[in-house]
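Visitor: what shape does this take:
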Amino acid sequence: MSHDIKKILAEMRPSVDAEIEKIVPRKFDEKSLARLCGKPRYEYDLETATKAIAEPIWDLLDRGGKRWRPVLLLLTAEAFGGDLEKIKPFCALPEIVHNGTLMIDDIEDSSELRRGKPCTHKIYGVDVAINAGNAMYYLPLPLFRESKFDQETLNKAFEIYYQEMIRVSFGQAFDIWWHKGKAAKVTEAQYLQMCAYKTGCLARMAAQMGAVLANADEKRVTAVGKYAEALGVGFQIQDDVLNLVGEKFGELKGVGEDIHEGKRTLVAIHCLERAPAAKAKRLLEILDKHTENPKEIAEAIEIMKSAGSIEYAKAKARELASNAWAELEPLLPEGEAKEKLDAFTRYLVEREI
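Guide: Residues are numbered from 1 along each chain as shown. Sure, this is the predicted structure:
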């Protein structure tokens with residue numbers, strides 16, 4: 001059976017957003033703010049809570065995004081026979097956290113656009129964006145207090161949350177340090193590890209949490225985590241490729257922004273190792289100067305293309321996803337959820353936007 005993943009994502013988005021809105025309402029009232037912060041000792045300023053927290057968050061969420069991490073959580077839970085109605089509130093957690101990382105990441109990268117519009121910090125200010133982005137790491141945590149799961153299951157789920165949140169900060173640290181040109185050389189293996197933490201960890205969080213809440217055994221929880229991590233790495237590599245050659249992607253975030261930021265993507269790392277010395281030296285110069293010159297960005301892209309680096313990265317993304325699925329597939333019960341996960345695997349690393 002063939003499954004249209006774009007259609008599935010579109011169909012599931014309203015229910016995912018409904019769960020997010022239960023955690024972060026579009027407008028705070030006394031009840032919703034007390035749920036998150038407790039009753040005030042003095043008096044809340046509900047208007048400011050809405051303007052400085054809810055509005056920046058929903059401004060970003062309403063722009064789009066695929067919501068694939070929540071869907072991965074639910075598909076994993078379904079594949080292991082979990083109670084989806086009971087598990088569904090948790091699907092909001094990886095999506096809220098993910099968008100928080102984007103809000104902070106755009107500040108760290110001095111980005112201009114996110115999903116086709118000015119970044120949050122360009123609209124609301126750096127101070128508001130940092131605070132709202134940081135808040136998104138913690139806003140979903142009342143789920144662990146309010147859920148009806150047994151304490152052992154909740155403890156396992158919470159361990160997944162805090163471990164992946166630590167890892168995402170280290171992944172971002174590697175990425176920031178490298179694109180500042182502070183590392184003499186970045187290897188392919190180091191890049192893949194960075195992606196496993198920066199992008200793979202939130203996918204791993206979603207899949208493992210879905211499996212744990214579905215009462216899967218430790219072997220399957222570990223296996224689905226490895227699968228999701230590889231899926232996240234493949235997704236990041238495809239993002240790197242689309243940043244260079246994806247027209248639709250460029251309309252949302254800007255073509256060649258990774259070159260302007262000096263990022264050591266897999267495409268760049270492969271090119272620096274394989275291109276003729278003069279070409280590699282020139283690419284390094286362009287990356288390290290953080291150019292905004294369209295001609296220099298186009299020159300860097302052409303150097304990468306001529307070294308076969310873009311095609312190499314595409315193939316690597318497909319290889320990682322394929323190998324990960326081959327390891328997980330025998331451990332999944334036969335059924336429609338398994339078929340959807342199979343289609344999901346291919347979709348994430350072959351998409352054009």
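
Visitor: what is the mean pLDDT for stretch 233-244?
Guide: Stretch 233-244 shows a mean pLDDT of 90.

Visitor: correct me if wrong: residue 331 contacts residue 222.
Guide: No - with contact defined as CB atoms under 8 Å, residue 331 does not count as touching residue 222 (9.8 Å). Any C-beta I mention is one placed from the backbone N, CA and C, and that applies to glycine too.

Visitor: which of these two has more neighbours?
Guide: Between residue 331 and residue 222, counted using other CB atoms under 10 Å, the more crowded position is residue 331 (17 against 14).

Visitor: could you check the distance from that one over to residue 11?
Guide: The span separating residue 331 from residue 11 equals 27 Å under the rule CB to CB, to the nearest Å.

Visitor: what of residue 213?
Guide: The spacing between residue 213 and residue 11, counted by CB to CB, is 22 Å.

Visitor: what of residue 98?
Guide: According to CB to CB, residue 98 and residue 11 sit 20 Å apart.

Visitor: who's more crowded, those two?
Guide: Neighbour totals were compared for residue 98 and residue 11, and residue 98 leads with 22 against 11 (other CB under 10 Å).

Visitor: over to the more buried one. Which of the three states is it?
Guide: Judged by DSSP: H, G, I helix; E, B strand; the rest coil, the three-state class of residue 98 is helix.

Visitor: now do the contacts for it.
Guide: Residue 98 makes contact with 65, 69, 202 under the criterion CB atoms under 8 Å, 6 or more residues apart in numbering.

Visitor: wasn't the last one part of a helix?
Guide: Yes - residue state for residue 202 (three-state DSSP) corresponds to a helix.

Visitor: quick one: contacts for it?
Guide: Contact criterion CB under 8 Å, 6+ apart gives 69, 94, 97, 98, 101, 164, 168, 232 as the residues in contact with residue 202.

Visitor: hang on, isn't the second one packed against residue 70?
Guide: Yes - Residue 94 is in contact with residue 70 according to CB under 8 Å; the separation is 6.3 Å.

Visitor: that older thread, inside helices: which ones of the contacts of residue 202?
Guide: The helices, defined by DSSP state H, take in 69, 94, 97, 98, 101, 164, 168, 232 from the contacts of residue 202.

Visitor: can you add distance to residue 198 and give the residues you listed back as TSV?
Guide: Conversion of these to TSV gives the following (distance: CB to CB, whole Å):
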residue	distance to residue 198
69	14
94	14
97	13
98	11
101	8
164	11
168	6
232	9
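
Visitor: out of these, which is most surrounded?
Guide: The member of the ones in helices among the contacts of residue 202 that has the most neighbours, counting by other CB under 10 Å, is residue 232 with 30 neighbours.

Visitor: just give the nearest non-adjacent residue to residue 288, would you?
Guide: In this structure, residue 288 finds its nearest non-sequential neighbour in residue 181, 4.5 Å apart by CB to CB, 6 or more residues apart in numbering.

Visitor: which SS class is that neighbour?
Guide: Taking three-state DSSP, the label given to residue 181 is coil.

Visitor: if I look at it, how far off is residue 189?
Guide: 20 Å.

Visitor: please apply the same query to residue 171.
Guide: Separation of residue 171 from residue 189 (CB to CB) stands at 14 Å.

Visitor: these two - which one has more neighbours?
Guide: Between residue 171 and residue 189, residue 171 has the larger neighbour count (other CB under 10 Å), namely 23 against 9.

Visitor: pull out the buried positions in stretch 149-162.
Guide: Within stretch 149-162, the residues that qualify as buried are 149, 154, 156, 157, 160, 161, counting by 16 or more other CB atoms under 10 Å.

Visitor: A helix includes the fifth one, no?
Guide: In this case it means residue 160. Yes - the assignment for residue 160, made by three-state DSSP, places it in a helix.

Visitor: and the nearest residue to it once chain neighbours are set aside, how many neighbours?
Guide: Counting by CB to CB, 6+ apart, residue 160 lies nearest to residue 208, which is 5.0 Å off, once chain neighbours are set aside. By the other CB under 10 Å criterion, the neighbourhood of residue 208 contains 30 residues.

Visitor: equivalent analysis for residue 278, please.
Guide: Using other CB under 10 Å, residue 278 has 9 neighbouring residues.

Visitor: roughly how far apart are it and residue 285?
Guide: In this structure, residue 278 lies at 11 Å from residue 285, with CB to CB as the measure.

Visitor: over to residue 73?
Guide: Distance from residue 73 to residue 285, counting by CB to CB: 43 Å.

Visitor: more neighbours, these two?
Guide: Between residue 73 and residue 285, counted using other CB under 10 Å, the more crowded position is residue 73 (31 against 12).

Visitor: ok, the more buried one - contacts?
Guide: Shown here is residue 73, whose contacts under the criterion CB under 8 Å, 6+ apart are 87, 90, 91, 94, 206, 207, 209, 210.

Visitor: how about the CA coordinates for whichever strand or helix holds it, as PDB?
Guide: Following DSSP states H and E, the helix or strand that holds residue 73 is helix 68-79. Extracted in PDB, the C-alpha atoms of helix 68-79 (Å, rounded to 0.1, in the frame of the first residue of the first chain):
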ATOM      1  CA  TRP A  68       6.800  15.700  11.100                       C
ATOM      2  CA  ARG A  69       8.200  15.200  14.600                       C
ATOM      3  CA  PRO A  70       4.700  15.000  16.200                       C
ATOM      4  CA  VAL A  71       3.600  12.700  13.400                       C
ATOM      5  CA  LEU A  72       6.600  10.500  13.900                       C
ATOM      6  CA  LEU A  73       5.800  10.200  17.700                       C
ATOM      7  CA  LEU A  74       2.200   9.200  16.900                       C
ATOM      8  CA  LEU A  75       3.200   6.800  14.100                       C
ATOM      9  CA  THR A  76       5.700   5.100  16.300                       C
ATOM     10  CA  ALA A  77       3.200   4.800  19.100                       C
ATOM     11  CA  GLU A  78       0.600   3.400  16.700                       C
ATOM     12  CA  ALA A  79       3.200   0.900  15.300                       C
END
